[in-house]
Each structure stands twice: as C-alpha cells, then as structure tokens.
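Undergrad: Everything below, folded, please.
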Amino acid sequence: MTRMTGLFIRTMMTSAVIALLCVYSANTFAQDASVRNVGYQFKDGRLSATFGYRDVFTPKIQEKLKSGLPTRLVVQIVVEDEKGRQVSFWARTIHVVYDLWEEQFVVTMKDPRGKRATRLKTIRDVKRIAGALSRTTVATNLPLGKYRLMTIVEANPVSEKMVRNIQRWISKPSNGYRNTGSGTSYFGSFVGYFVDRNIARAEKTVRFVSQWLEP
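TA: Now for the predicted structure:
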C-alpha cells in the first residue's frame, strides 16, 4: 500500500468516525436538552432567529457583574435538518465588564456581523441586550426544508482553547457562517466539544433545542 493510499484510507476513516459522532452527539443533545420556542424568519435561504437565554445570568453571575469582574458568554448554534444532519454553525462571544469610573456596563459582542460595543446603565439592560438574539441571521444558503436549532450558551467557560476556536470561526472569510458544503472542519470541532460534555467547565450552561422551523 502506497503512502498516498494509506493517507486516503485514514482520511476516509476519520470522516466516517466524525459522521458517527455527529449523529451520536446530536441525538444525545436533543434528548437531554429542553425545548424552547424560537421566533424565526426564512427568506432567500437565510434563517433568522429571535429568542432569549437570560436564565444564563444566575444571581451569582449578576453579583459578579456588579463587582466589576468581567463576564464572558459564548453562544453556539447548530442548525439541524429533519434528517438529523447538522447543516450549519453560528457563534457569538460576549464580554461584559462594569466601568467603575463611568458607572456603566460595557458589553462587547463579536459574531458574523462584526464586533461592536455598547454602554448600558443597568443589569436589566445587560440581560436584555446580551441575553437574547433579535432577528439574527444564524444560517445562510439553506434549501427549503424543516430545521431546528441546537443551542448552547455558556457563562465564563473555563476552556480558553474553545473560546479561541470560536473566535477564529467568526473571523473566517465566510463571515463566521459554517455550512456543510463550505469545506471547513467545524463539524469535528463542534462534535468533539459536545462529546466531551464537560458542562461543569462553565459557571452556568443553558442548552436547548427549538421547535421545528419551516418556511
């Protein structure tokens, strides 16, 4: 067996393992997660979603916000079709810190739309802005069909490597959207993270799936 043949076989075996893990992790995620109603719009292959996850702001995390210590949220969304295939990935990172001098919360969000900072007066405002998506495009180039969102939101995740990977995905030329046809390796990274299932590595984790969405 030539070196190239061996490499091809190993690549195919790796792809098969990743595909199996995708099915396993998606099924496990859907079984364990709660169902949360999501507002959505489907137009020209773009799927936009509106929903909240303010329950990630526990009393402990809100106390930390008021103390001036920084808080980071990581939002990950995988779009799954009715055949159980994960077809797209979207992510957002959020950094919140209280400016003691200005007595304002500085909320910095980074997602496929870019990076933007907002100054807010109260924790209620922080929860309203940082704890929800509003008509946010989470997938592009989707054919007509039924889909649902698998969502995980983490407050202060311990894994710096995971956060760096998310930020690299967002900064890619494809503007952070990851579809199965894009040729990226987001599939393996996403599956590896969910198979790991170390949920306790974040101070608070919110996991849910949406209802089935269709045009």
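Undergrad: thinking K110 is in contact with A91, fair?
TA: No: in this structure, K110 is not within contact of A91 by Cβ atoms under 8 Å, at 9.0 Å. Just so you know, the C-beta spots here come from the backbone N, C-alpha and C atoms, and that holds for glycine as well.
Undergrad: Need the overlap of contacts for the two.
TA: Counting by Cβ atoms under 8 Å, 6 or more residues apart in numbering, the common neighbours of K110 and A91 are I170.
Undergrad: Given the biggest strand by length in the chain, what are its sheet partners and their directions?
TA: When the chain is scanned for its longest strand (criterion: DSSP state E), the result is strand 86-99. If you go by DSSP bridges, strand 86-99 pairs up with strand 71-81 (antiparallel), strand 104-111 (antiparallel), strand 178-179 (antiparallel).
Undergrad: Reformat the ones you listed as a markdown table; add distance to V163.
TA: Output for the strands paired with strand 86-99, formatted as a markdown table (distance: least, Cβ to Cβ, whole Å):
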| stretch | distance to V163 |
| --- | --- |
| strand 71-81 | 6 |
| strand 104-111 | 11 |
| strand 178-179 | 17 |
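Undergrad: Just tell me which of those ends up closest to I61.
TA: strand 71-81 (6.1 Å; Cβ to Cβ).
Undergrad: buried residues in the longest strand of the chain?
TA: The neighbour-count check on strand 86-99 (16 or more other Cβ atoms under 10 Å) flags 86-94, 96-98 as buried.
Undergrad: how much space between the nearest residue in space to E103 that is not next to it in sequence and S134?
TA: Leaving out its chain neighbours, the residue that sits closest to E103 by Cβ to Cβ, 6 or more residues apart in numbering is K121, at 7.9 Å. From K121 over to S134 the distance is 19 Å, taken as Cβ to Cβ, to the nearest Å.
Undergrad: Over to R36?
TA: For R36 relative to S134 (Cβ to Cβ), the value is 15 Å.
Undergrad: Tell me which stretches of the chain form strands.
TA: 34-36, 39-43, 46-52, 71-81, 86-99, 104-111, 114-120, 132-139, 147-155, 178-179, 204-210.
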